[in-house]
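J.: Just the structure for this:
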Amino acid sequence: MDTRNARIGLILFCVYLALYGGFVFLNAFSAESMEATPVSGVNLAIIYGFGLIISAIILSAVYGFVCTPEGDVAAASGATSNDAGSSSSEGAAE
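T.: Prediction:
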């Protein structure tokens, strides 16, 4: 399980690294293209920067969803119904 999670984390890191590398590459070798204003007068550097932030949040959500063990999800939903059932059975035993 740990190696699976590490492999998924590494894949998602490489995806983000490619996105960030594109940002750095554009800034280093084509800085004038980052001055373009494609949307409402906001330049491409700002849009790309916000895109990087949003993609990091999305990738972390994907990692959290994919790497959550099925047993933890079932235990969390099952614990609620078991707790309610155990308190009613304790009242009946007394």
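
J.: hey, where'd the helices end up in this structure?
T.: Assigned by DSSP state H, the chain shows helices spanning 2-29, 44-66, 70-93.

J.: Pull the number of nearby residues for residue 34.
T.: 16 (other CB atoms under 10 Å). All C-beta spots, glycine's among them, are computed from the backbone N, C-alpha and C.

J.: how much space between it and residue 52?
T.: Remark: distance between residue 34 and residue 52 (CB to CB, to the nearest Å) = 13 Å.

J.: cool, residue 62 as well?
T.: Applying CB to CB to residue 62 and residue 52 gives a distance of 15 Å.

J.: tell me the contacts of the residue lying closest to residue 16 once chain neighbours are set aside?
T.: Spatial nearest neighbour of residue 16, chain neighbours left out: residue 59 (5.7 Å); criterion: CB to CB, 6 or more residues apart in numbering. By CB atoms under 8 Å, 6 or more residues apart in numbering, the residues touching residue 59 are 12, 15, 16.

J.: and what of residue 56?
T.: By CB under 8 Å, 6+ apart, residue 56 lies in contact with residue 16.

J.: gap between it and residue 43?
T.: 20 Å.

J.: for residue 22, same thing?
T.: 16 Å.

J.: Check residue 29 too.
T.: Distance check for residue 29 against residue 43: by CB to CB, it reads 17 Å.

J.: what separates residue 34 from residue 54, distance-wise?
T.: Distance from residue 34 to residue 54, by CB to CB: 18 Å.

J.: sorry, that was for residue 24
T.: Relative to residue 54, residue 24 is positioned 18 Å away (CB to CB).

J.: swap in residue 65?
T.: The value you get for residue 65 to residue 54, if CB to CB is used, is 16 Å.

J.: What of residue 27?
T.: In terms of CB to CB, residue 27 sits 19 Å off from residue 54.

J.: neighbour count winner among the two?
T.: Legend: neighbour count by other CB under 10 Å for residue 27 and residue 54, higher for residue 27 (13 against 10).

J.: Excluding covalently adjacent residues, which one is nearest to the more buried one?
T.: Closest residue to residue 27 apart from its sequence neighbours, by CB to CB, 6+ apart: residue 34 at 6.0 Å.
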